[in-house]
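> what follows is a predicted protein model with its sequence.
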Amino acid sequence: MRLALKVCGMLHNTAEVARLQPDYLGFIFYEKSPRYVSHSHFESLLPESNRIKTTKNVGVFVNASVNFIIKQCKAFNLNIIQLHGEESVAFIKSLTAAIHSDHSLQPLKLWKVFSIKDHFNFDVLKDFEAYVDAFLFDTKGKDKGGNGYTFNWSVLKDYPSTTPIILSGGIGIEHIEELKALLKLKLPITAIDVNSKFEDKPGLKNIELLSRFKEQLKKEQLI
């Protein structure tokens, strides 16, 4: 199984990260995040990521309005919307309708985030399955992402769905053996999302560490 690699929380050195050619670059549009992307960052962040056609742009939103999400999708040429708050199925329906009614938007995919610690009721996913392209599982913590530690991955053995999974939450270079063990469960994990374990400060990625991580994933034939 080939995993896609997503590097999230891009802010300061996006061009350098983009040259490593991850499958996805994540931009956070949540004002309370230390990795929040404002309009002043647009020109410095966009050009390099948009030149690398194999890399997709992911916009991360937390309880944002439909209008705000649509605005950022256009400005950032987003390929994927990641909903990281308490968004309901009704909200996702409204968002999808807005996307379909605007022909200037390219086809967009939707990922819905759920946070896990030691337990999770997978029944809550059922109503979302028809409207999202993937579920992203993150670590439950005081912040909306970027908490720096993993959740109990053994919880995922009870995952009942065929909807693709993006694995997130404190993944670092030290977790490769655990990733290999998890993938033996034959879960529909299609991507891993890395962030805080590869930063020198919020939004500033450690390029050397990311490069080493990617090479090790390749060596293990995980990507």
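Sure thing, it's come through.
> tell me the helix or strand right after the helix or strand of the chain with the lowest mean pLDDT.
Lowest on mean pLDDT, DSSP states H and E among the helices and strands of the chain sits helix 42-51, with a mean of 57. In the C-terminal direction, the helix or strand that comes right after helix 42-51 (DSSP states H and E) is strand 56-61.
> tell me which strands the lengthiest strand in the chain pairs with, and in which orientation.
For the chain, the longest strand by residue count, based on DSSP state E, is strand 109-116. According to DSSP bridges, the neighbouring strands of strand 109-116, each with its direction, are strand 80-83 (parallel), strand 134-139 (parallel).
> what angle separates that strand from strand 56-61?
50 degrees (axes from the mean of the first three to the mean of the last three C-alpha atoms, to 10 degrees).
> got the CA positions of strand 109-116 in CSV?
The C-alpha trace of strand 109-116 is given here as CSV (Å, rounded to 0.1, in the frame of the first residue of the first chain):
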residue,chain,number,x,y,z
LYS,A,109,-12.9,17.1,-2.1
LEU,A,110,-14.1,17.2,1.6
TRP,A,111,-12.3,15.7,4.5
LYS,A,112,-13.9,15.7,8.0
VAL,A,113,-11.8,15.5,11.1
PHE,A,114,-12.6,13.6,14.3
SER,A,115,-10.4,13.7,17.4
ILE,A,116,-9.5,10.6,19.3
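> picking that back up, for the strands paired with strand 109-116, give me a markdown table that also has mean pLDDT and distance to residue 27.
In this view, the C-beta of every residue, glycine as well, is placed from N, C-alpha and C. Output for the strands paired with strand 109-116, formatted as a markdown table (pLDDT from 0 to 100; distance: least, C-beta to C-beta, whole Å):
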| stretch | mean pLDDT | distance to residue 27 |
| --- | --- | --- |
| strand 80-83 | 96 | 10 |
| strand 134-139 | 94 | 15 |
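> buried deepest among these, which one?
Greatest average neighbour count among the strands paired with strand 109-116 goes to strand 80-83 (a mean of 24), per mean count of other C-beta atoms under 10 Å.
> can you list contacts of that one?
Applying C-beta atoms under 8 Å, 6 or more residues apart in numbering, the external contacts of strand 80-83 come out as 24, 26, 56-61, 69, 73, 92, 95, 108-113, 133, 136.
> many thanks, we can stop here.
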